[in-house]
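>>> A predicted structure for the sequence below; I have some questions about it.
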Amino acid sequence: MRKGTSISSFFCLLVVAALCCSCAVAAPQQPAINSYEDCVKVTGRSMKTFPAQCVAPDGKVFIQGGTKGAVGRLCVDQCGNGQCEEMVCMGQGCPCAETADSCPKDCKK
């Protein structure tokens with residue numbers, strides 16, 4: 001076997017091994033959020049309300065010191081009311097923002 005061929009073969013095997021190892025590493029799972037404390041650990045944020053609240057990535061709201069866990073979503077889902085709620089306020093009880101993808105019956109493309 002020639003020297004150039006053995007070096008290129010070794011390099012190819014090295015690349016294949018590196019690709020196989022990188023595929024075997026699992027993506028880290030996001031920890032479960034079941035309380036205000038969990039929410040703050042994951043997001044690093046809390047709303048300056050009294051009592052303090054934290055909004056999880058899935059939209060659930062957790063209240064500090066609450067015993068029930070999630071109290072629901074920050075916004076109110078009004079999909080199906082016949083109005084496309086594109087521009088909304090950003091507080092608790094405001095309608096959720098709607099698009100043609102999220103609420104096609106109210107927002108026509």
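Happy to help now that I have it. These numbers come from a predicted model, not from an experiment.
>>> can you list contacts of the host helix or strand of residue 54?
Using DSSP states H and E, the element containing residue 54 is strand 53-55. By C-beta atoms under 8 Å, 6 or more residues apart in numbering, the surrounding residues in contact with strand 53-55 are 36, 39-40, 43, 45-47, 61-64, 74, 92. For the C-beta atoms, the positions are set from N, CA and C on the backbone; glycine is no exception.
>>> same check, this time on stretch 82-94
53, 61, 74-76, 78, 95-99, 103, 106-108.
>>> By neighbours, which of those residues wins?
residue 98 (22 neighbours; other C-beta atoms under 10 Å).
>>> Let me know the distance separating that one from residue 29.
Look at residue 98 and residue 29: by C-beta to C-beta, to the nearest Å, they are 30 Å apart.
>>> One more: residue 39?
In this structure, residue 39 lies at 16 Å from residue 29, with C-beta to C-beta as the measure.
>>> between these two, who's got more neighbours?
residue 39 (25 against 6).
>>> and the closest residue in space to the more buried one that isn't next to it in sequence, what pLDDT?
When the adjacent residues along the chain are set aside, residue 39 lies closest to residue 54, with 3.7 Å between them (C-beta to C-beta, 6 or more residues apart in numbering). The score at residue 54 is 86. That number is its pLDDT.
>>> how many neighbours does residue 54 have?
A total of 24 residues lie near residue 54 under the criterion other C-beta under 10 Å.
>>> neighbours around residue 63, how many?
Burial measure for residue 63: 19 neighbouring residues, criterion other C-beta under 10 Å.
>>> if we look at the sheet, which residues does it bridge to?
Under the criterion DSSP bridges, residue 63 forms beta bridges with residue 53.
>>> gap between it and residue 108?
Taking C-beta to C-beta, one finds residue 63 at 37 Å from residue 108.
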